[in-house]
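Novice: Structural data only, the sequence is not supplied:
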């Protein structure tokens, strides 16, 4: 309310009413996709939101334990988003990817999707294959794999696959394995 007095002492008042509508609608999250990992053992999850929001992305194992928080309250503009995540240390299994979006009015929405990770395996096609410390034929040999044995691939460097070998990592030439 505003009041004004003129030179004669007359007082006039005026008021303006505003209706402020509180935003009570949570952001919409659509199109969450988690494709198979690429040769570098990264997944590039994609999704979109209909409004600017603070985004949190978590990954849980099959028992519901949080194993990673990929994003935590990061401000993102509305539209299509993507986020890469390195899965090289994960074992095959089922995981849950969850995305939460919180807007400026503190409205929150969370969506989740299940994801089954099945890493590719390198199957040896020669009688004996050297596992090397680095991706080079001159690198130190740290072990051998016999014909038809498989090893989980966790990356690729040129024509070499990085594999899990025992409790460590090693490299095998792509010439002597098939990927399944």
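Specialist: Ah, there it is. This is a predicted model, so every value here is computed, not measured.
Novice: CA only for contacts and neighbour counts going forward, please
Specialist: Will do.
Novice: other SSEs contacting the helix or strand of the chain with the lowest mean pLDDT?
Specialist: For the chain, counting by mean pLDDT, DSSP states H and E, strand 2-5 ranks last in confidence among helices and strands (a mean of 74). Where contact means 3 or more CA pairs under 8 Å, 6 or more residues apart in numbering; DSSP states H and E, strand 2-5 is packed against strand 11-14.
Novice: What is the subsequent helix or strand relative to the strand it packs on?
Specialist: Going down the chain from strand 11-14, the next helix or strand is strand 29-33, by DSSP states H and E.
Novice: Just the buried residues of that next one, please?
Specialist: Neighbour counts over strand 29-33 (16 or more other CA atoms under 10 Å) mark 29, 32 as buried.
Novice: for stretch 51-69, same thing?
Specialist: Residues 51, 52, 53, 54, 55, 56, 57, 58, 59, 60, 61 are the ones in stretch 51-69 that count as buried (16+ other CA under 10 Å).
Novice: Distance of the residue of the chain positioned farthest from its centre relative to residue 152?
Specialist: Here the chain reaches farthest from its C-alpha mean at residue 8, the gap being 72.5 Å by CA atoms, centre = their mean. Applying CA to CA, to the nearest Å, the value for residue 8 to residue 152 is 93 Å.
Novice: give the contact list for residue 133.
Specialist: Residue 133 sits next to 139, 140, 141, 142, 169, 170, 171 when contact means CA atoms under 8 Å, 6 or more residues apart in numbering.
Novice: Wait, residue 82 touches residue 55, no?
Specialist: No. If you go by CA atoms under 8 Å, residue 82 and residue 55 don't touch, sitting 11.7 Å apart.
Novice: circling back: contacting residues around the least confident helix or strand of the chain?
Specialist: Residues from elsewhere that reach strand 2-5 (CA under 8 Å, 6+ apart): 11, 12, 13, 14, 15.
Novice: and what of stretch 6-20?
Specialist: By CA under 8 Å, 6+ apart, stretch 6-20 touches 1, 2, 3, 4, 5.
Novice: quick check: mean pLDDT across stretch 92-107?
Specialist: What stretch 92-107 shows for mean pLDDT is 93.
Novice: gap between that stretch and the chain center?
Specialist: Computed by CA atoms, centre = their mean, to the nearest Å, the chain-centroid distance of stretch 92-107 equals 11 Å.
Novice: Report the buried residues of that stretch.
Specialist: In stretch 92-107, counting by 16+ other CA under 10 Å, buried: 95, 96, 97, 98, 99, 100, 101, 102, 103.
Novice: In the protein, which residue is most central in space?
Specialist: The chain has residue 85 as the residue nearest its centroid, 4.3 Å off, counting by CA atoms, centre = their mean.
Novice: who are the neighbours in contact with that residue?
Specialist: 42, 43, 44, 45, 70.
Novice: show me where this protein has helices.
Specialist: For the chain, applying DSSP state H gives no helices.
Novice: Understood, closing this out.
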